[in-house]
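In: what follows is a predicted protein model with its sequence.
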Amino acid sequence: MATETCDACGGDVRIAGGISGIWSTTHEGTGGMTLEFEDGSERFVCFDCIETLPAEPTAADVDSHRDREI
């Protein structure tokens, strides 16, 4: 199983696909997604953190999320 770090909370997030799951019979989904912002930056954020972000988040919202408790 491949993982990527959530840019909001710092947790390890499962990434679907890739060579790590080639022989697996279970189909596990990805636990987050990459958000692309107007300034051209990108942040990978887990679904739990996405739910706590504002409706129109900015990169600064994701960055400031690290200091908050979920």
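Out: Now that the structure is in, tell me what you want to look at. Numbers count the residues shown, from 1 in each chain.
In: okay, CA-based contacts and neighbour counts for the rest of this
Out: Fine.
In: could I get the phi/psi values of Phe47?
Out: Backbone dihedrals for Phe47, given as degrees, to the nearest 10, come out at phi -60, psi -30.
In: and for Gly31?
Out: Here Gly31 shows phi and psi, under degrees, to the nearest 10, equal to phi -100, psi 10.
In: was I right to think it contacts Cys46?
Out: Yes - applying CA atoms under 8 Å as the test, Gly31 and Cys46 come out as touching, 5.7 Å apart.
In: who's more crowded, those two?
Out: Ranked by neighbour count (other CA atoms under 10 Å), Gly31 and Cys46 place Cys46 first, with 24 against 17.
In: mind listing what the closest residue to the more buried one other than its chain neighbours touches?
Out: Nearest-residue entry for Cys46: Gly32, 3.8 Å, with adjacent residues in sequence omitted and distances by CA to CA, 6 or more residues apart in numbering. For Gly32, the contacting residues are Cys6, Val13, Arg14, Ile15, Phe44, Val45, Cys46, Phe47, by CA atoms under 8 Å, 6 or more residues apart in numbering.
In: now for His65, how many residues are close by?
Out: Applying the criterion other CA under 10 Å, we find 18 residues in the vicinity of His65.
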